[in-house]
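>>> Any chance you could fold what I've pasted below:
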Amino acid sequence: MAEPAKSSPLSELRIALPSLPMRLQEVGRFVAANDYDATTRSMRDLAAEAGADPAAFTRLAKAIGYSGWDELRAALTEARRPSQTAPFSGRTKGRRHGPNADVALVIDKLEAEAAGLPRIPAQLIAEAARALHDAKRIWIAGYRSCRSVAELLNYELRLFRPEQVQLVGASGPDDLDLGAFRPGEAVIVIGFLPYTHASVRVAQAAHRSGATLIAIADSLAAPMAEGADHVLLFEAASSPGFFPSLTGAIAIAQSLAAVMFSLGGTAAKKRLENTEARLAAASTYVSEKG
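A predicted model of the protein is given here:
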């Protein structure tokens, strides 16, 4: 006889809510409404936003059958994990009906993207940017769709630090670059679920080399974020549509570049002006009419 499917932790939580004490009901409703935050933020941060005692999250978890908050959080993380064989088609829903269904989908997507950006941790980005500013060389790795984010960050940084920034695998096989990581350098790895083996190999090579590892990821549980010196989280799964969102990752990348340029002062501005002069001399851009 087939083993019955296990219900999701959110379903368990919602079923249990009416029987819980009033304060735990409030915490439970907060978790149900913010399940992404519950998987990516610390219990202390969640408690502060919910206006609750951190211990209430542990009591809630035990009240619905878990050993503690860590086990409930792990279950919530696993529940958000798409099938490895269908990571994108598994996100799809039936087509909406009605004359404005397509417009409504666009509105929902734009609202989800906008809602996720304020939750990106500005302080952590600033700290990571300072580490990058101090690095002798910066390596950037992003695979499949995350390659676009890596290339954008690489382009922006090379406008004012051309000699010290390099895409992993840009000039040959990845393994040659992995062997070139050194202490005093920084390695940025970008990824979201489903994670590529290549991103994990880059992170592991950074660990072995003693380089500073900065992970731009959708979860603290991301394998390429394990043991990272800086983890910068963005929301990939909360936006509707068949494909996860890279909006937050792009915002983080551009914020890192902006802070690094500011930290570079007059030297960075001079290098940027030199780059602009070279581009102008090569007639790179279409001349404005007027």
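
>>> going forward, measure contacts and count neighbours with C-alpha atoms only.
Noted.

>>> can you map out the strands along this protein?
Using DSSP state E, the strands of the chain run over 138-142, 165-167, 186-191, 212-217, 230-233.

>>> got a markdown table for the ones you listed, with distance to residue 25 too?
Below are those laid out as a markdown table (distance: least, Cα to Cα, whole Å):
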| stretch | distance to residue 25 |
| --- | --- |
| strand 138-142 | 41 |
| strand 165-167 | 48 |
| strand 186-191 | 35 |
| strand 212-217 | 31 |
| strand 230-233 | 28 |
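
>>> Turn these into a markdown table, including mean pLDDT.
Below are the strands of the chain laid out as a markdown table (pLDDT from 0 to 100):
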| stretch | mean pLDDT |
| --- | --- |
| strand 138-142 | 96 |
| strand 165-167 | 94 |
| strand 186-191 | 97 |
| strand 212-217 | 96 |
| strand 230-233 | 94 |
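
>>> With residue 46 as the reference, name the closest of those.
Closest to residue 46 of the strands of the chain is strand 230-233 (Cα to Cα; 15.2 Å).

>>> Nearest to residue 114, out of the strands of the chain?
Short answer: strand 230-233, nearest of the strands of the chain by Cα to Cα, at 15.1 Å.

>>> Counting neighbours, what do you get for residue 171?
Counted with other Cα atoms under 10 Å, residues neighbouring residue 171 total 10.

>>> can you start the count at 50 instead of 1 from here on
New numbering, starting at 50: the last item is residue 220.

>>> Export the strands of the chain to CSV and append columns for distance to residue 306 and mean neighbour count.
Shown next, in CSV, are these (distance: least, Cα to Cα, whole Å; neighbours: other Cα atoms under 10 Å):
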stretch, distance to residue 306, mean neighbour count
strand 187-191, 12, 25
strand 214-216, 12, 22
strand 235-240, 12, 28
strand 261-266, 14, 27
strand 279-282, 14, 23
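
>>> Helices along the stretch 100-249 of the chain, start to end?
Counting by DSSP state H, counting those that start in this stretch, the stretch 100-249 of the chain has helices at residues 103-112, 118-128, 150-165, 171-183, 195-207, 223-227, 246-258.

>>> what's the longest one packed up against?
Based on contacts counted as 3 or more Cα pairs under 8 Å, 6 or more residues apart in numbering; DSSP states H and E, the elements that helix 150-165 packs against are helix 296-330.

>>> cool, the fourth one as well?
In this structure, helix 171-183 packs against strand 279-282, helix 296-330, with contacts taken as 3+ Cα pairs under 8 Å, 6+ apart.

>>> Residues contacting it, please?
187, 235, 261, 263, 279-281, 301, 304-306, 308-309, 312-313 (Cα atoms under 8 Å, 6 or more residues apart in numbering).

>>> quick one: it to helix 296-330, angle?
Angle between the axes of helix 171-183 and helix 296-330 is 40 degrees (criterion: axes from the mean of the first three to the mean of the last three Cα atoms, to 10 degrees).

>>> For helix 171-183, give the mean pLDDT please.
Here helix 171-183 scores 96 as its mean pLDDT.

>>> Alright, calling it a day.
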